[in-house]
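In: using only what follows, build the 3D model:
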Amino acid sequence: MDRQQLNHLMENMKTVIRAAVERKGGNMKGLSKSAGLSETYIRDFLERDRAPTFDKLMPLLAALDLTLADIDPDSAGSLPEGGHGGTPASFSTLGPSGIPPQTIAEIDLRAGLGSGGLPVEYVNEQNGIVFSAVAVRDYWRLPDWLLSSRFNVSASKIAAFQVQGDSMLPTLLDGDVVFIDTSHRVPSPPGIYALADDFGGVIVKRLEVISKRGEDEIRIQVSSDNDRHRPYERTLEEIHIVGRYLGRFTI
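Out: Residues are numbered from 1 along each chain as shown. The predicted structure follows:
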């Protein structure tokens, strides 16, 4: 999907959602409560150029009685039977991507450490994370003992990405393949996580909750291991955690 198509999709999405909000009476407070999102987040999306992350878009659509097909008719044919909650083709047994069972899909994008990742088209869903079947370029087979005793997670919940850049040196090197637990998408405990960036790619950063207990907004410090890259703060609503870092393979 090129930039022009992406802009068209965003404008169409806003138009459809605005119309649905009006049909619901324009009650932003009620919509906020139903979707589990702040009013500010919803208004920023509708009135500014802030693109919603997938995990926030889906409850917003559900609160408005919309589906992905309503905002992008072409997406309907890309989803597996049973709708967006089904098993993605890329993870089905010997599916279109040829991913055997008990293996880990390597996604064909580069986790741009500090430089922004490449865009990826999200089409199929797994554990709340959506990857295009065509984006799976290969797969990994790790020993069962490693998955159970070291990673403590099944292969179906892990995704692999190749990274680039120097912002996580010396922990992660340019070209490393990192393994991410896509079922662990809250920044607790503090540690290294993969995040969706503003362009649909993936970056890898160290996250730590810095807000105090009881504060209205949960604030996260996003930092690099390389001192040349400055840390910054975001609210939990402003980031989309793809998963927690499990380990790496260094070439």
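
In: show me what contacts the closest residue to residue 18 other than its chain neighbours?
Out: In space, and not counting its chain neighbours, residue 18 is closest to residue 46: 6.1 Å by Cβ to Cβ, 6 or more residues apart in numbering. (Each C-beta comes from the backbone N, C-alpha and C, glycine too.) The contact partners of residue 46, taken as Cβ atoms under 8 Å, 6 or more residues apart in numbering, are 14, 17-18, 21.

In: ok, residue 140 touching residue 100?
Out: No - contact between residue 140 and residue 100 fails when scored by Cβ atoms under 8 Å: they sit 10.8 Å apart.

In: if you count surrounding residues, which of the two has more?
Out: Set residue 140 next to residue 100 and count neighbours by other Cβ atoms under 10 Å: residue 140 wins out with 15 against 11.

In: please name the bridge partners of the more buried one.
Out: residue 104 (DSSP bridges).

In: ok, and residue 247, which helix or strand is that part of?
Out: Here residue 247, judged by DSSP states H and E, is contained in strand 240-249.

In: which residue ranges of the stretch 101-250 of the chain form strands?
Out: 104-112, 124-126, 129-131, 136-140, 158-164, 177-181, 191-196, 202-209, 219-223, 232-235, 240-249 (DSSP state E, counting those that start in this stretch).

In: so which of these gets nearest residue 39?
Out: Smallest distance to residue 39 across the strands of the stretch 101-250 of the chain (Cβ to Cβ): 13.9 Å, for strand 232-235.

In: pull the closest one out as CSV, backbone CA atoms only.
Out: Below are the C-alpha coordinates for strand 232-235, written out as CSV (Å, rounded to 0.1, in the frame of the first residue of the first chain):
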residue,chain,number,x,y,z
TYR,A,232,11.1,10.3,25.5
GLU,A,233,7.7,10.0,27.2
ARG,A,234,4.3,8.8,25.8
THR,A,235,1.0,7.9,27.4
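
In: which intervals of the stretch 151-251 of the chain have sub-threshold pLDDT?
Out: For the stretch 151-251 of the chain, the stretches with pLDDT under 70 are 198-201.

In: how far does stretch 35-44 sit from its chain's centre?
Out: 18 Å (Cα atoms, centre = their mean, to the nearest Å).

In: in it, what counts as buried?
Out: Across stretch 35-44, burial judged by 16 or more other Cβ atoms under 10 Å covers 35, 37, 41-42, 44.

In: what about it, how long is it end to end?
Out: 15 Å (Cα to Cα, to the nearest Å).

In: who touches it?
Out: 28-29, 31-32, 50, 52, 56, 59-60, 62-63, 237.

In: recalculate using a threshold of 10 Å.
Out: 17, 21, 28-29, 31-33, 45, 50-52, 56-64, 216-217, 235, 237-238 (Cβ atoms under 10 Å, 6 or more residues apart in numbering).

In: related to what we said a few turns ago, identify the contacts common to residue 140 and residue 100.
Out: residue 155.

In: quick one: the helices in this protein, in order.
Out: 3-23, 28-35, 39-47, 54-63, 68-71, 73-76, 144-145 (DSSP state H).

In: C-alpha coordinates for the fourth one, PDB please?
Out: When you say that, I think you mean helix 54-63. Output of helix 54-63 as PDB, limited to C-alpha atoms (Å, rounded to 0.1, in the frame of the first residue of the first chain):
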ATOM      1  CA  PHE A  54      -5.300  -1.600  15.200                       C
ATOM      2  CA  ASP A  55      -6.000  -2.500  18.900                       C
ATOM      3  CA  LYS A  56      -7.800   0.800  19.300                       C
ATOM      4  CA  LEU A  57      -9.500   0.900  15.900                       C
ATOM      5  CA  MET A  58     -11.400  -2.400  16.500                       C
ATOM      6  CA  PRO A  59     -13.200  -1.400  19.700                       C
ATOM      7  CA  LEU A  60     -14.000   1.900  18.100                       C
ATOM      8  CA  LEU A  61     -15.600   0.200  15.100                       C
ATOM      9  CA  ALA A  62     -17.500  -2.200  17.400                       C
ATOM     10  CA  ALA A  63     -18.900   0.600  19.400                       C
END
